[in-house]
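Novice: no sequence on hand, only this structure:
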Ligand code: SF4
Ligand code: SF4
């Protein structure tokens, strides 16, 4: 307990300034019900304000890390609370999402995390991916890369979900890169999990090992740019890796939506005759500020783009991130269903996102019946192959 106090007690002043205004639970004039777990469980305790009260009690020695462990893991770290909170101490200075992650790391150090997450961390450490997949699957995709040299201008970091669960996204990305005549390579079995599931669930020591390995392998290929089709991998490289690697990450990083927004030209495309709506993944949108490029790509490739009620920085989470789908399936699925219903409400023919995990969420919530579900890469490929 003493270490926890040393680690986060400086935040007590900030925590105590919470207004208990409930907006992180119920919303405000701009957005309603922004927090997935407090919607699902129906209690203030699951909102940021509730978590703040629990943390104050922890820092004052009234409860233990073990007491708040279950609460802290029922949060998708979506960041909607930080966006909506108008209290500068909480929404700004405290850096709510980093703070929640730090608490998880303390819970792990204390060994009072839910056992399932310990099993996940062991699995990632052993197999270098969270799905018990074989590294050869990553090598199989490598054969599709255009770059035959070891040194290549672009590395496409595929990510575990697109390798083992949503292979169609990896395949679409590879086809697009080939179509655009990009000299690119893949790391194959040298690509390890980016570490996102471990950074989010508090297993930072193992995550740091993965980060060091990935950066070393990328640097061996001397690319000027690394491209990601997974919002989670991209956020992890952009926001977590620099804390571990420091200044040695001398390559540019781009999400595929940013890359395509620069590269797509009218002559390549025949617009797909459908109306689409776009779901901002929390990692890419709210947390990295990438809102315009995916929309730009959709405006170039679809007939019409319509927005859901909650969009951009006030977008609603798909419910699957930060280890929630792994251990709290009902909470994850209910959240995904509610977001899917919002997409259906727009009247769009297709729901497009830019993260393999979001796509999985919408498919598991029953998408593709009332509305077609696509990753942006698949949708763009449709527009390009339409041309032939
Ligand atoms: S965290 Fe912010 S929005 Fe939530 S109750 Fe406190 S002051 Fe209000
Ligand atoms: S990060 Fe998202 S899920 Fe977690 S408390 Fe904030 S709004 Fe709720």
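Specialist: Yes, it's here. Nothing here was measured: the structure is a model prediction, and the numbers come from that model. Numbers count the residues shown, from 1 in each chain. Ligands and ions are numbered 1, 2, ... in the order given.
Novice: surely residue 245 is in a strand?
Specialist: No - applying DSSP: H, G, I helix; E, B strand; the rest coil, one finds residue 245 to be helix, outside a strand.
Novice: what about it, distance to residue 235?
Specialist: Using C-beta to C-beta, to the nearest Å, residue 245 is found at 15 Å from residue 235. C-beta here means a position set from N, CA and C on the backbone, and glycine is covered the same way.
Novice: what about these two, which has more around it?
Specialist: The neighbour count for residue 245 versus residue 235, taken as other C-beta atoms under 10 Å, is higher for residue 235 (25 against 17).
Novice: leaving out chain neighbours, which residue sits closest to residue 190?
Specialist: Leaving aside its sequence neighbours, residue 190 sits nearest to residue 217 (C-beta to C-beta, 6 or more residues apart in numbering; 4.4 Å).
Novice: ok, now residue 195?
Specialist: In this structure, residue 195 finds its nearest non-sequential neighbour in residue 207, 3.6 Å apart by C-beta to C-beta, 6+ apart.
Novice: local confidence estimate at the one you found?
Specialist: pLDDT for residue 207: 97.
Novice: going forward, count from 618.
Specialist: Noted, 618 is the first residue going forward, which turns the last one into residue 824.
Novice: quick one: contacts of the longest strand along the chain?
Specialist: As assigned by DSSP state E, the longest strand anywhere in the chain is strand 889-895. With contacts defined as C-beta atoms under 8 Å, 6 or more residues apart in numbering, strand 889-895 is touched by 911-912, 915, 918-925, 928, 960, 963-970, 989, 991, 996, 999-1000, 1003.
Novice: just the buried subset of these, written out for ChimeraX, thanks.
Specialist: ChimeraX command restricting the contacts of strand 889-895 to the buried ones, with burial defined by 16 or more other C-beta atoms under 10 Å:
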select :911,912,915,918,919,922,925,928,960,963,965,966,967,968,969,970,989,991,996,999,1000
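Novice: just give me the neighbour total for the residue in the stretch 818-967 of the chain that ligand 1 sits nearest to.
Specialist: Of all residues in the stretch 818-967 of the chain, residue 931 sits closest to ligand 1, at 13.5 Å by C-beta to the nearest ligand atom. The local packing of residue 931 (other C-beta under 10 Å) involves 19 other residues.
Novice: and the helix or strand containing residue 915, what does it pack against?
Specialist: Counting by DSSP states H and E, the element that carries residue 915 is helix 909-918. Packed against helix 909-918 by the contact rule (3 or more C-beta pairs under 8 Å, 6 or more residues apart in numbering; DSSP states H and E) you find helix 873-880, strand 889-895, strand 919-923, helix 993-1002.
Novice: phi, psi for residue 757 please.
Specialist: Dihedral pair for residue 757: phi -60, psi -40, per degrees, to the nearest 10.
Novice: now the one 3 residues further on
Specialist: The phi/psi pair for residue 760 (degrees, to the nearest 10) reads phi -60, psi -20.
Novice: can you pull the pLDDT of it?
Specialist: So, for residue 760, pLDDT stands at 72.
Novice: distance check, it against ligand 1.
Specialist: Remark: distance between residue 760 and ligand 1 (C-beta to the nearest ligand atom, to the nearest Å) = 50 Å.
Novice: mind listing what's buried in stretch 884-902?
Specialist: For stretch 884-902, using 16+ other C-beta under 10 Å, the buried residues are 885-886, 888-889, 891, 893-902.
Novice: of these, list those near ligand 2.
Specialist: Among those, no residue lies close to ligand 2 (C-beta under 6 Å from any ligand atom).
Novice: of all the residues you listed, which comes closest to residue 773?
Specialist: Closest approach to residue 773 among those (C-beta to C-beta): residue 901, at 16.6 Å.
Novice: could you look up the SS state of that closest one?
Specialist: Per three-state DSSP, the local secondary structure of residue 901 is coil.
Novice: wait, doesn't it sit right on residue 971?
Specialist: Yes - applying C-beta atoms under 8 Å as the test, residue 901 and residue 971 come out as touching, 5.7 Å apart.
Novice: so what's in contact with the two at the same time?
Specialist: Residues within reach of residue 901 and of residue 971 at once, by C-beta under 8 Å, 6+ apart, are 848, 872, 874, 911.
Novice: contact residues of this protein facing ligand 1?
Specialist: Residues of the chain lying close to ligand 1 (C-beta under 6 Å from any ligand atom) are 635-641, 665-666, 669, 702, 704, 707.
Novice: make it 5 Å
Specialist: 635, 636, 638, 640, 641, 665, 666, 702, 704, 707 (C-beta under 5 Å from any ligand atom).
Novice: span of stretch 857-865 from start to end?
Specialist: Stretch 857-865 stretches 14 Å from its first residue to its last (C-alpha to C-alpha, to the nearest Å).
Novice: typed the wrong thing, it's stretch 641-650
Specialist: 8 Å.
Novice: chain center to it: distance?
Specialist: Computed by C-alpha atoms, centre = their mean, to the nearest Å, the chain-centroid distance of stretch 641-650 equals 22 Å.
Novice: what is the neighbour count of the closest residue in space to residue 901 that isn't next to it in sequence?
Specialist: Spatially, and ignoring its direct neighbours in sequence, residue 901 is nearest to residue 848 (3.8 Å; C-beta to C-beta, 6+ apart). Close neighbours of residue 848, defined as other C-beta under 10 Å, add up to 30.
Novice: contacting residues for residue 848?
Specialist: 872, 898, 899, 900, 901, 971, 972, 974, 975.
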